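Student: when you get a sec, could you give me coordinates for this:
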Amino acid sequence: MTRNPFRRLGFGALRRLLFLWVRSETIHQSAFDLKLDPTLPIIYVLQQTAVADLAVMDLECSKAELPRPILPLALGDSSEPHSYFTLDQAPGWFGRTHKRQMPPRLERTIEAVSQGQVADAQIVPVTVFWGQSPRSESSAWKLIFADSWAVTGRLRKLLAIFILGRKTRVQFSTPIRVSDLLQHEKDQERTVRMAHRLLRVHFHNIKTSVIGPDLSHRRNLVKGLLVSPLVKQAIAEEVERSKISPKKAEKRALSYANEVASDYSYIAIRFLEVVLKWFWNKIYDGIDVHNLDEVQRVAQGSEIIYVPCHRSHIDYLLLSYLLFTHGLTPPHIAAGINLNMPVVGSLLRRGGAFFMRRSFKDNRLYTAIFNEYLHTLYARGFPVEFFVEGGRSRTGRTLQPRPGMLAITLRSYLRSSRKPIVFVPVYIGYERVLEGRTYLGELRGASKKKESVFDIFRVLGALKQRFGRVSVNFGEPIHLTEFLNQQRPGWQNEDHGANYRPDWLNSATGALGDCIAQRINAAAAITPVNLVAMALLSTPRQALDGTSLAQLLDLYLQLLRRQPYSAHASLPQGDGAAMIEHVEALDLIERQKDALGDIFLLDESNAVQMTYYRNNILHALALPSLLASYFQSSQSISRQEVQRLTQALYPFLQAELFIRWRSDELAPVIDQWLNTLVEQGLLNEHDGQLSAPEASSREFVLLNLLSRAISQTLQRFYMAIALLVNHGQHALDAAELENLCAVMAQRLSILHGLNAPEFFDKTLFRHFIATLLEQGVVRIGEYGRLAYHDELSLTVESAAKRVLPAELRLSIRQVANKQSLPKPNQAA
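Tutor: Modelled structure (predicted):
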């Protein structure tokens, strides 16, 4: 392009002809949000010379009312024929590349600013992706022409325009100020080289974040694992331990590497997108996404590790699909070896899955191969995804984090931190989970079925059911360097070798797991199903009249809007009546009519199933529910006493529900919630004394229902302490107490009609006992038996009187007195 009017006329004609076919859109950072200074020159930069790219960029600039790149650029007293330049010349027709040169227009722009001809200039990198509109792709054979890392020529470009021109996306990046480059005080030539290098790195990072890092051949990657020092050492140890030849040990190591490694294929990713697009539209009513812009910002230049909660087998597919359709690289996913089945395993492997055994502690060679493979992914900048919970949650709660993958990641980072690692917590919420029927059977006591990808296809026979919507909320990222600086100041100055295992690694791994779980929960998507489940399960018979149910749902919404759980959580639209109508349409609640109005209730099957959806968000209302419970047995209580009781109980609630606030942050949060309850009329306050409303009032009924959300958790805590104290000092070890708690809880659930199978889940009691030990409430004494302070019974009983009804406390004590175990010296 020059000032020649004939050249400009020819470009205009070409653009009109091109856009008879081509359709483009701006992605990621909108061109409207670049915050450009209109008083300063704006110059665009493309990676390669291509008239089609220029035409697309020119059109998108026109749409955004930005200066057009084909117009002249004024630089002080001189001017340029147009307002763009390219880093590289276009390759030849068959991909032949030209010698790299510095763009003359870049040199002249930097010179104009350095000599004061203009105050500053703004360089805006622009990337054009052809065939990068996966949301509307429908033909798998076209995918071979999509943008990739392969060397391409003009002929392939022409074919891509012809075949995929209607799938074109443009990304405008944050402008680079020339004055910022000149602040480094380098000479003209070095400043130009620095700007050129920065732009090349920028385009590389943009391409990496959209289509992934440049992929080496899988065979080379796998063979490369065997020459790493750690794997060579493990091979030598395998020879010594198994008494086999070095060649046989290497062959075994190679088989392990092939078993683990993915066979990532960009074409397979796009093919899966075509299939999954049909799947989501057929099964669900849509996907709601929140906070993705924060991920897009940190994705460039960082090693991203996605750590979602695990609720369904389709979590694997959902996150990859979602990232791909929003212009981010689908991650390599750690999958259980049980999913490596014929055909399905191969497809998942090409979609980025790498497979891991459930346990490989006793196989040092396999351990070395797996650790080295994961380290290679991190070092090369591949995004990775794994589930910190290990398996799927059958109860709807976020499970206790498993340390395995986190410990491997920390050791890899200590060994070599080429790129900053950022963990991205992801909350995935289903209004109706596909495996609901399977979970229902397991919650009722059926044996856990072996995980299988065919679980997805078993539920396809229920397509006539409505499954509602899916919510995917991205949580607050965790920058690993900052996390380690808090956990272990000065860690970077320690001597990190390949076999480095610091003594603080286990504690840091546990703290990281808890932090991830808390941030997953902090990004909760609170849906109508969750709130209706919580409301109905808070009633003795899982039923409420329509007016009361709507009022309770409105109360939940008012509390959560007035006191948001976190900035990353999301709330449903509409009021209580609209939520009831929505959940009823999903066939999760029943409506009965009589002369006085409607009653909404849960049958036995749905009552059990709805505990799953209540548990998804129990953490969000746990604190106000606990505060409300203080007024079930006491008419009034001081703020000071509320603070004391809550501070004492909070560590146990936080450990079970992964509530986001630290103990040292809790006091003002408690006050804020108390103020909110007073504002809503659920509490009265006079001279620092808080009291409940009149027992006959609507507000007291709502306060009572709010308190019941957390009541089963408090009951389990009381049961465990009652059993421990009833048996006496040094009578039970942790495993015996856990078993007794489960038996007692199951008995109480029958006596009191609790339709909540997780009430007697051994895992919950195990974590409670572990927290008692961590908090120093109990300790391990002689013979590994549990000991406690003599005042424990009085302290716990005093607290229980505040939060549990007298009838229930008496029932728990009566059942606890009937439980017995052999004395330590009688045990086998």
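
Student: hey, let's count contacts and neighbours off CA atoms from now on
Tutor: Noted.

Student: OK, contacts around Leu225?
Tutor: Val231, Ala257, Ile369, Glu372, Tyr373 (CA atoms under 8 Å, 6 or more residues apart in numbering).

Student: most neighbours, which of those residues?
Tutor: Among those, Ile369 has the most neighbours (other CA atoms under 10 Å), with 28 neighbours.

Student: contacting residues around that one?
Tutor: Leu225, Leu226, Val231, Ala253, Tyr256, Ala257.

Student: which stretch of helix or strand covers Asn473?
Tutor: strand 470-474 (DSSP states H and E).

Student: ok, how many other residues are close to the residue nearest to Arg785 when sequence neighbours are not counted?
Tutor: With sequence-adjacent residues excluded and distances taken as CA to CA, 6 or more residues apart in numbering, Arg785 is closest to Asp733, at 4.3 Å. The number of residues packed near Asp733 is 18, by other CA under 10 Å.

Student: ok, back up a step: make TSV out of the contacts of Ile369 and add distance to Gln171 and pLDDT.
Tutor: What follows is the contacts of Ile369, written out as TSV (distance: CA to CA, whole Å; pLDDT from 0 to 100):
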residue	distance to Gln171	pLDDT
Leu225	36	91
Leu226	40	91
Val231	42	94
Ala253	43	94
Tyr256	41	94
Ala257	38	93
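
Student: show the average pLDDT along stretch 591-609.
Tutor: The pLDDT scores in stretch 591-609 average 88.

Student: how far is it from where the chain is centred?
Tutor: 35 Å (CA atoms, centre = their mean, to the nearest Å).

Student: let's see the distance spanning that stretch from one end to the other.
Tutor: 17 Å (CA to CA, to the nearest Å).

Student: and the longest helix for the chain?
Tutor: As assigned by DSSP state H, the longest helix anywhere in the chain is helix 604-629.

Student: so for stretch 789-797, mean pLDDT?
Tutor: Computed over stretch 789-797, the average pLDDT equals 86.

Student: could you dump that stretch to PDB, C-alpha only?
Tutor: C-alpha atoms of stretch 789-797 as PDB (Å, rounded to 0.1, in the frame of the first residue of the first chain):
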ATOM      1  CA  HIS A 789      -8.700 -32.500  78.500                       C
ATOM      2  CA  ASP A 790     -10.800 -33.200  81.500                       C
ATOM      3  CA  GLU A 791     -12.900 -30.100  80.800                       C
ATOM      4  CA  LEU A 792     -13.800 -31.200  77.300                       C
ATOM      5  CA  SER A 793     -17.200 -32.600  78.300                       C
ATOM      6  CA  LEU A 794     -18.400 -29.500  80.100                       C
ATOM      7  CA  THR A 795     -17.100 -27.200  77.400                       C
ATOM      8  CA  VAL A 796     -18.800 -29.100  74.600                       C
ATOM      9  CA  GLU A 797     -22.000 -29.500  76.500                       C
END
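
Student: buried sites along that stretch?
Tutor: By 16 or more other CA atoms under 10 Å, stretch 789-797 has no buried positions at all.

Student: give the buried residues for the helix or strand harbouring Gln654.
Tutor: Applying DSSP H and E as the criterion places Gln654 in helix 639-657. Across helix 639-657, burial judged by 16+ other CA under 10 Å covers 639, 642-643, 645-647, 650-657.

Student: determine which two of the residues you listed are furthest apart.
Tutor: Taking CA to CA as the measure, the buried residues of helix 639-657 span a maximum distance of 25.1 Å, between Arg639 and Glu656.

Student: with the contacts of Leu225 in mind, which one is nearest to Ala567?
Tutor: The closest of the contacts of Leu225, once distances to Ala567 are taken by CA to CA, is Tyr373, at 36.0 Å.

Student: for that closest one, what are phi and psi?
Tutor: Taking degrees, to the nearest 10, you get phi -60, psi -50 for the backbone angles of Tyr373.
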